[in-house]
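**Student:** I would like to see how this sequence folds:
(one chain, ligands or ions: 3)
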Amino acid sequence: QAPMWKRALDKRLSKVASRSGALVCLIIRKALTEEKRISTKTSTADLVTETDHLVEDLIISELRKKFPSHRFIAEEAAASGAKCELTHSPTWIIDPIDGTCNFVHRFPAVAVSIGFAVHQELEFGVIYHCMEERLYSGRRGRGAFCNSQRLQVSRETDLSKALVLTEIGPKRDPATLRLFLGNMERLLHASAHGVRMIGSSTLALCHLASGAADAYYQFGLHCWDLAAATVIIREAGGIVMDTSGAPLDLMACRVVAAGTREMAMFIAQALQTINYGRDDDQRSSNS
Ligand SMILES: O=P(O)(O)O[C@H]1[C@H](O)[C@@H](O)[C@H](O)[C@H](O)[C@@H]1O
Ligand SMILES: [Mg+2]
Ligand SMILES: [Mg+2]
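**Tutor:** Ligands and ions are numbered 1, 2, ... in the order given. The predicted structure is shown next:
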């Protein structure tokens, strides 16, 4: 049981994060219907808009006012060259709009993700589904919720009875696409019930935490896609690990998550690796 000061601090921090998320969702919902100025980052499929930047700046300024000594890892700052270094300091890990491509197309699977770590341990996360007013939250040792409903992962262990979620990632070169499609083909050959992509890794991971899917895997997502969702899935009883079967490496741009370890291992063993570098390796592009 964490010390009283820590429980009180976590509660205060997660309240601030939830309030920030709620405020910016109003901005995103309004902007979704409006004309957007769109630019690309690491590929023609890796989009960013002025709303991504506005929302990220708003969240960080709100949090910095209250916690000036804390550190930040945020998607659009990283895209502009900021270091992604998870130290022992209290650190907020932020994806201002997860599902920017959906946002650009007015496809309503769009979320805000705010994770929090201390001593390199993920302590809590909130993910706001902006179009459905659903707040997914998880605090280490205190459970995971969607609004006030407790979350519980699926207990499925049989891949031939599984619904599997994934995302393409930003690379679209022929070699990457062959590996991506080969991974999907192997899971379908193993008679998985289906493989789905919704265009938002954080919302897909929330579906896993709520038991609406049995597994998730991806190469090409980032620490800001993973931070909050990892706490939520673990607190819903699930497992989040590296695609090699080793413990999760938050900066490795790859993940397998599932309701059961057996399911996660089946998925991991079926995958061929797609190399996206690391978030904390400044030499590799943030693709
Ligand atoms: O850039 P945002 O924050 O929209 O995150 C998405 C990534 O861009 C995709 O490559 C990735 O495949 C996932 O869809 C992820 O949610
Ligand atoms: Mg984003
Ligand atoms: Mg994202």
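**Student:** So the closest residue to Ala270 other than its chain neighbours: helix, strand or coil?
**Tutor:** Distances taken as CB to CB, 6 or more residues apart in numbering place Arg186 nearest to Ala270, at 4.7 Å, with adjacent residues excluded. Bear in mind the C-beta positions are built from the backbone N, C-alpha and C, glycine included. When classified by DSSP: H, G, I helix; E, B strand; the rest coil, Arg186 comes out as helix.
**Student:** what number of residues lie near whichever residue of the chain sits closest to ligand 3?
**Tutor:** Here the residue of the chain nearest ligand 3 is Asp98; by CB to the ion that distance is 3.7 Å. When neighbours are counted by other CB atoms under 10 Å, Asp98 registers 31.
**Student:** tell me the contacts of it?
**Tutor:** Counting by CB atoms under 8 Å, 6 or more residues apart in numbering, Asp98 touches 110-113, 127, 200-203, 224-225.
**Student:** repeat that for 6 Å
**Tutor:** Counting by CB atoms under 6 Å, 6 or more residues apart in numbering, Asp98 touches 111, 113, 200, 202.
**Student:** and the host helix or strand of Leu23, which residues are buried?
**Tutor:** Assigned by DSSP states H and E, Leu23 falls within helix 4-32. For helix 4-32, a neighbour-count test (16 or more other CB atoms under 10 Å) marks 9-10, 13-14, 16-18, 20-21, 24-25, 27-28, 31-32 as buried.
**Student:** Now find how far off-centre it is within its chain.
**Tutor:** 16 Å (CA atoms, centre = their mean, to the nearest Å).
**Student:** any idea of the mean pLDDT for the helix or strand following it?
**Tutor:** Going down the chain from helix 4-32, the next helix or strand is strand 38-40, by DSSP H and E. Regarding strand 38-40, the rounded mean pLDDT is 92.
**Student:** Show me what strand 38-40 is packed against.
**Tutor:** Here strand 38-40 is seen to pack against strand 47-49 when contacts are counted using 3 or more CB pairs under 6 Å, 6 or more residues apart in numbering; DSSP states H and E.
**Student:** Pull the distance from the strand it packs on to the chain's centre.
**Tutor:** Distance, centroid of strand 47-49 to centroid of chain: 17 Å (CA atoms, centre = their mean).
**Student:** Now do the buried residues in stretch 249-263.
**Tutor:** Going by neighbour count (16+ other CB under 10 Å), the buried part of stretch 249-263 is 249-260, 263.
**Student:** actually stretch 125-144, not the one I wrote
**Tutor:** By 16+ other CB under 10 Å, the buried positions in stretch 125-144 come out as 125-131, 134-140, 142, 144.
**Student:** Tell me which residues are up against it.
**Tutor:** For stretch 125-144, contacts defined as CB under 6 Å, 6+ apart pick out 10, 14, 17-18, 21, 25, 28-29, 108, 110-115, 123-124, 145-147, 150-151, 202, 206, 209, 227-228, 231-232, 235-236.
**Student:** now stretch 163-174
**Tutor:** Here stretch 163-174 makes contact (CB under 6 Å, 6+ apart) with 42-43, 45-46, 187, 192-197, 201, 204, 213-220, 287.
**Student:** which of the buried residues of stretch 249-263 sit farthest apart?
**Tutor:** The most widely separated members of the buried residues of stretch 249-263, counting by CB to CB, are Met251 and Thr260 (25.4 Å).
**Student:** Out of the buried residues of stretch 125-144, give me the two with the largest separation.
**Tutor:** Across those, the longest distance by CB to CB is 28.1 Å; it joins Met131 and Arg140.
**Student:** Find me the pLDDT at the residue lying closest to Thr33 once chain neighbours are set aside, would you?
**Tutor:** In space, and not counting its chain neighbours, Thr33 is closest to Arg106: 6.9 Å by CB to CB, 6+ apart. Each residue has a pLDDT score; the one for Arg106 is 97.
**Student:** same question, Ala22
**Tutor:** Model confidence at Ala22, expressed as pLDDT, equals 78.
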